[in-house]
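Engineer: predicted model follows, preceded by the sequence.
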Amino acid sequence: MPLWPSSDFHASNVVNDGAVDEGKWPVGRCCPRGCQCGVRYSERFRELLKTVDCFNAGLQAFPENLPSDTQALLLRHNGIRLLPGAELWLPDLVQLDLSHNRLNALVSQDFHEHVFDGMYNLRSLDLSSNELRRLCLNDFRGLFNLEELNLADNRISSAADGAFHGLLKLETLRLSGNRFTFVQAGWFDNLPALRSLALNRNYLTLLTADNFRSLSQLVSLDLSKNRIFRIHDTAFNSLNRLDVLRLSGNTLVSVPRRALHALRQLRSINLSQNPIFRIQTDDLADLPQLRDVNFSAMQRLRLVDRGAFKNLPNLLVVDLHDNPYLGYVDRLAFVNTPAVSHLFLHNNNLTVLESDVLDALPALQEMSLYGNPIRCDCNVRWLRQRLSKPGTVVYHEADRIVCDSPMEHKYKQFTSLNPDTDLPSSCAPRILYMFDPTNKRAVSESITYDCRAVGEPRPKIQWFVGVDGGRPIEPSVYHPRRRLVNGQTLSLDKLQADDTNTYTCVAENPISTAKSSTTLQITTLQVRLHISTVTPTTVTITWNGSSSDSTVFQIFYRPVTSQQQKQQHQYAGTVTPAMHTYTVHNLRPNTMYDLCMAVEDSDDVMVNLSCKRVGTEPLQSQQSVEHSDRLVIEPSSLKNRNERATLAAVLGAFACSIILLCLVAVAVSGYRAIQRRQAGQAFSRLSDLFSAKNAVASLEQLATLKANGYTIGS
C-alpha cells in the first residue's frame, strides 16, 4: 500500500453504495472566489466530506470567509506564502492540502506560531512541495488527531527535538526529498502510533545506534536514495515490528547483516543500487518472516557467495537482475530456503549457472536467465536438458538465452543446441573472472580475492603466494592478517609493505589445470586537500591521491587563534568512497580555519593525512572564491607597515559608513513616529508585524497583507 493515495477525492459526488449525492453546500453562503465547493466522496476517509477545492486558483493568501463546517480544504498548486492568523477556526476540518505552495515557515500572517490550534480534528495535513527550511518546537501543536503528515519535497535540513510533540495518533510521516544530513532520535519521541516513516531522497550518511529508538510500532521505513554508507549494528534494534525496509540507492559497500539480524518481523528488503561488491555468507540469514529481497542494478556486484541466503523459511522472491558485473552465483548460495518460487537472474554477467542452485529450490516456479553471456559447454549441459523436458519451472524468455562462447556456438540460441551432440559431458577447469591482474592498496587497508572455477569434473582450488608458482597458502596454517575462507576466498587485513607480492589461484581437475594471478602493490596513503569554494560561512573542499574504493575519511576543522594549541578539532563530517567534494557549514565569517582530512589506522586512532588553512569571506562579500591561493590571508602576507595602514584605513572608513547609516535610520524612524502621533494613529497590525522577529521582507508579501485588510502607511 502506498504511503499516500494518488488522489484523495473524485470530482463526482459518490457515496459508498454508488449513489450520487445531490445536496448543495454551503447553504446560504458563497464559495470563496476561484474555488469549488460541494459534498464529495473521499477515498482516503471513505465518506462524504464538505469540501472547498481551490486547486490552481492563483491564490496568494488563504481564502477568506471559509464555511466554519468545512471538512476538507484543498489549496494545492497556489502561491500561498503565509498561513492564516489565529482567528481561523475550522473545528470540523479533517483534511488540509497545502502542497505546491510557497510556505517557508509555519507561522501565520500576524506571526502567531501555533497556527493549527483551531484544527484539532485534522487527520491529514499535506505540506509537500513548499519552501520550508526548518521544523521548530511545537510547530504542529494542537493536532491531537493527526494521522498523516506529508512534508516531502521541501528544503528542510533540521528539526528541533519535540517538533512533532503532541502528535499521539500520527501513523504516517513523510520527510522525503528534503536536505537532512543526519537523523536525531529526539525528533521521533512521543510518536507512539507511527507506522510509516519516509526519509528517502535526503543526504543521510550514517545511521547511529539510537536513531529510531522510540519507534517500536514502525512497520515501513524508507531510507532509499540517500548517501548512507554505514549502519550501526544496533541501529534497528527498536524496530520490533518493521515489515518493509528500503535501502536502495545508497553507498553501502556491504550488507549490514548485524543490523538486519534484529528485524525478526521483516518481510521485504530492497538493497538495490548500492556499490556492494559481494553478497557474503550469512548476509541474509535467520530472518524467519522475510519474503522478498532485491539486489538489482548494482554496478559493482560480482559474487553471490555460498550461504548468502540461509535459513529463510518464508523467502519467496529473489531479484538478482541487471547487475553488469555479477559473474557467479555459488552453487550453495541458497541454504534452507524451501519456499523460493521466483528467481530472477536476467541481464547479469553470468557465463554459467550450476545445477545445484536450482536443486536447492524445490518450490521454484519461475526464473529468468536471458541477457547473460552464457558459455555453452559442459557446465550448462544440465540446463539445456531441463529445457528440453516439460517441468514445473517456467523459464522467462528462454529463446533470448544466447551463447557468447565458445566460438563455434557464438550468437546461437541456447535452445537450438542439442545437449547430446553439441554440448560435451566433461571439460577442463575455467577460472571465473573475479579479480583484477593488478591492485594497489595503502598500508592498513584490506583486500579480498575471490577465486571460483567451474568444470566437469568439479575442480579443486588452491592459492599460492610468490612469483614462479610460489608457495601454497594452507588454510590450517595460522597467519595474523591472512585468512582463507572455504579454500576459495583469500582475505588480507591491515596490509603492510611486505604484503606486496603475486597471488595465484590454481584450479585443477583430471582433465587439466587453470591459473589466474594478481599482483598486489602496497603504497603509502597520500591525500591532498584542495579548496574549491568559499563563502562567509562555508568552505567546499576536494581531494586527490585516494585510489581506494573502500577508505572512509573524516573531516575536522578548528579556528586559528593565538591559543591554537588549546583549540580542539571539531568533527565536520564523514567522506565515503563515492564522494568527491565536501562542504563544511556553520563557519564564522572572516575567520582563519585549519581543515583536515583524517583516517582511522589499524588501532582505530585518527591520523591526519592532509590539512589546509583557509579564511572565510567577510560577511559583506557573498561571492565565492574559486582558488585557495586567493582565500588564505596569512599575517605574513602583509609585507610592510604601509599595507597594514591601508587596511586599517579601509576598515575605519567602513565603520564610519555603518555608523552614519544607523544615524540616518534612527532619524527617519523618529520622523515617522511623530507623523503617526500627529495623525492620531495607534500602532497598526502591520507596525506590530515589523517589530516581530521574522518580519516580512518582500514587496509581494506587503501587497498580500494590504489586500487582506492590514493598514499600510505612515
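Structural biologist: Noted; the coordinates are in hand.
Engineer: from here on, just use CA atoms for contacts and neighbour counts.
Structural biologist: Will do.
Engineer: for T538, grab the count of nearby residues.
Structural biologist: For T538, the neighbour count with other CA atoms under 10 Å is 18.
Engineer: and for it, nearest residue in space, chain neighbours not counted?
Structural biologist: H585 (4.7 Å; CA to CA, 6 or more residues apart in numbering).
Engineer: following the helix or strand harbouring T533, which helix or strand shows up next?
Structural biologist: Element membership for T533 (DSSP states H and E) is strand 528-534. Remark: after strand 528-534, the chain's next helix or strand is strand 539-544, criterion DSSP H and E.
Engineer: who are the packing partners of that following strand?
Structural biologist: strand 528-534, strand 581-584 (3 or more CA pairs under 8 Å, 6 or more residues apart in numbering; DSSP states H and E).
Engineer: out of these, which comes closest to S272?
Structural biologist: Closest approach to S272 among these is made by strand 581-584 (24.2 Å; CA to CA).
Engineer: what residues does G469 make contact with?
Structural biologist: T504 (CA atoms under 8 Å, 6 or more residues apart in numbering).
Engineer: distance check, it against T438.
Structural biologist: 17 Å (CA to CA, to the nearest Å).
Engineer: if we can go back for a sec, buried deepest among the helices and strands packed on strand 539-544, which one?
Structural biologist: Highest mean neighbour count among the helices and strands packed on strand 539-544 (mean count of other CA atoms under 10 Å): strand 528-534, with a mean of 19.
Engineer: check which helices and strands that one sits against.
Structural biologist: strand 539-544, strand 606-615.
Engineer: least reliable of the ones you listed by average pLDDT, please.
Structural biologist: When mean pLDDT is averaged over each of the helices and strands packed on strand 528-534, strand 606-615 scores lowest at a mean of 81.
Engineer: give me the angle between that one and strand 528-534.
Structural biologist: Strand 606-615 and strand 528-534 are oriented at 40 degrees to each other (axes from the mean of the first three to the mean of the last three CA atoms, to 10 degrees).
Engineer: now strand 606-615: buried residues?
Structural biologist: 608, 611-615 (16 or more other CA atoms under 10 Å).
Engineer: in what helix or strand does the residue nearest to P91 when sequence neighbours are not counted lie?
Structural biologist: Nearest non-adjacent residue to P91, counting by CA to CA, 6+ apart: M119, 5.1 Å away. Using DSSP H and E, M119 is not contained in any helix or strand.
Engineer: so what's M119 scoring on pLDDT?
Structural biologist: Looking at M119, the pLDDT reads 86.
Engineer: what angle do the strand holding T533 and strand 539-544 make?
Structural biologist: 150 degrees.
Engineer: can you report how many residues lie near the residue lying closest to T537 once chain neighbours are set aside?
Structural biologist: The shortest distance from T537 to any non-neighbouring residue, by CA to CA, 6+ apart, is to L587 (4.4 Å). Using other CA under 10 Å, L587 has 19 other residues around it.
Engineer: relative to R155, how far out is L587?
Structural biologist: 20 Å.
Engineer: cool, and F180?
Structural biologist: 9 Å.
Engineer: returning to what we had before: now the buried residues of strand 606-615 as JSON lines including distance to L204?
Structural biologist: Shown next, in JSON lines, are these (distance: CA to CA, whole Å):
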{"residue": "N608", "distance to L204": "24"}
{"residue": "C611", "distance to L204": "25"}
{"residue": "K612", "distance to L204": "26"}
{"residue": "R613", "distance to L204": "28"}
{"residue": "V614", "distance to L204": "27"}
{"residue": "G615", "distance to L204": "28"}
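Engineer: T561: neighbour count?
Structural biologist: 12.
Engineer: could you measure it against L175, distance?
Structural biologist: Distance from T561 to L175, by CA to CA: 40 Å.
Engineer: A285 pairs with what?
Structural biologist: K310 (DSSP bridges).
Engineer: does the residue nearest in space to the middle of the chain count as helix, strand or coil?
Structural biologist: Taking CA atoms, centre = their mean, the centroid of the chain lies closest to N226, which sits 1.3 Å from it. When classified by DSSP: H, G, I helix; E, B strand; the rest coil, N226 comes out as coil.
Engineer: quick one, what contacts it?
Structural biologist: Contacts of N226 (CA under 8 Å, 6+ apart): 200-205, 249-251.
Engineer: change it to 7 Å
Structural biologist: 200-204, 249-250 (CA atoms under 7 Å, 6 or more residues apart in numbering).
Engineer: and A159, by the same measure?
Structural biologist: Contacts of A159 by CA under 7 Å, 6+ apart are 134-136, 187.
Engineer: from the residues you listed, which land in strands?
Structural biologist: Counted as lying in strands by DSSP state E, out of the contacts of A159, are 134-135.
Engineer: any chance of the contacts of A159 in TSV, plus pLDDT?
Structural biologist: Below are those laid out as TSV (pLDDT from 0 to 100):
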residue	pLDDT
R134	94
L135	94
C136	90
W187	92
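Engineer: so W382 sits in a helix?
Structural biologist: Yes: assessed by three-state DSSP, W382 belongs to a helix.
Engineer: show me where pLDDT drops low in the stretch 451-600 of the chain?
Structural biologist: 545-550, 562-567, 578 (pLDDT under 70).
Engineer: quick check: which element contains R258?
Structural biologist: Taking DSSP H and E as the definition, one finds R258 inside helix 257-260.
Engineer: send the alpha carbons of that helix over as PDB?
Structural biologist: C-alpha atoms of helix 257-260 as PDB (Å, rounded to 0.1, in the frame of the first residue of the first chain):
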ATOM      1  CA  ARG A 257      24.000  -8.000   8.300                       C
ATOM      2  CA  ARG A 258      24.200  -7.400  12.100                       C
ATOM      3  CA  ALA A 259      21.700  -4.500  11.900                       C
ATOM      4  CA  LEU A 260      19.300  -6.600   9.800                       C
END
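Engineer: just checking, T537 touches H585?
Structural biologist: Yes: at 6.2 Å, T537 counts as touching H585 under the criterion of CA atoms under 7 Å.
Engineer: out of those two, which sits in the busier spot?
Structural biologist: Using other CA under 10 Å as the criterion, T537 and H585 rank with T537 on top: 18 against 14.
Engineer: now the residue lying closest to R264 once chain neighbours are set aside: how far from F188?
Structural biologist: In space, R264 comes closest to L287 once its chain neighbours are excluded; the distance is 5.8 Å by CA to CA, 6+ apart. Separation of L287 from F188 (CA to CA) stands at 26 Å.
Engineer: shaky segments in this protein?
Structural biologist: 1-23, 28, 85-88, 108-113, 545-550, 562-567, 578, 601-608, 620-714.
Engineer: given the strand or helix carrying L484, what are its sheet partners and their directions?
Structural biologist: Under the criterion of DSSP H and E, L484 resides in strand 482-485. If you go by DSSP bridges, strand 482-485 pairs up with strand 489-492 (antiparallel).
Engineer: quick one: neighbours of L383, just the number.
Structural biologist: 18.
Engineer: what about it, distance to D359?
Structural biologist: On the measure of CA to CA, L383 and D359 end up 12 Å apart.
Engineer: swap in F344?
Structural biologist: 16 Å.
Engineer: for I447, give its distance to N544.
Structural biologist: In terms of CA to CA, I447 sits 21 Å off from N544.
Engineer: neighbour-wise, which of these two wins?
Structural biologist: I447 (15 against 11).
Engineer: what's opposite the more buried one in the beta bridge?
Structural biologist: L492.
Engineer: noted, bye for now.
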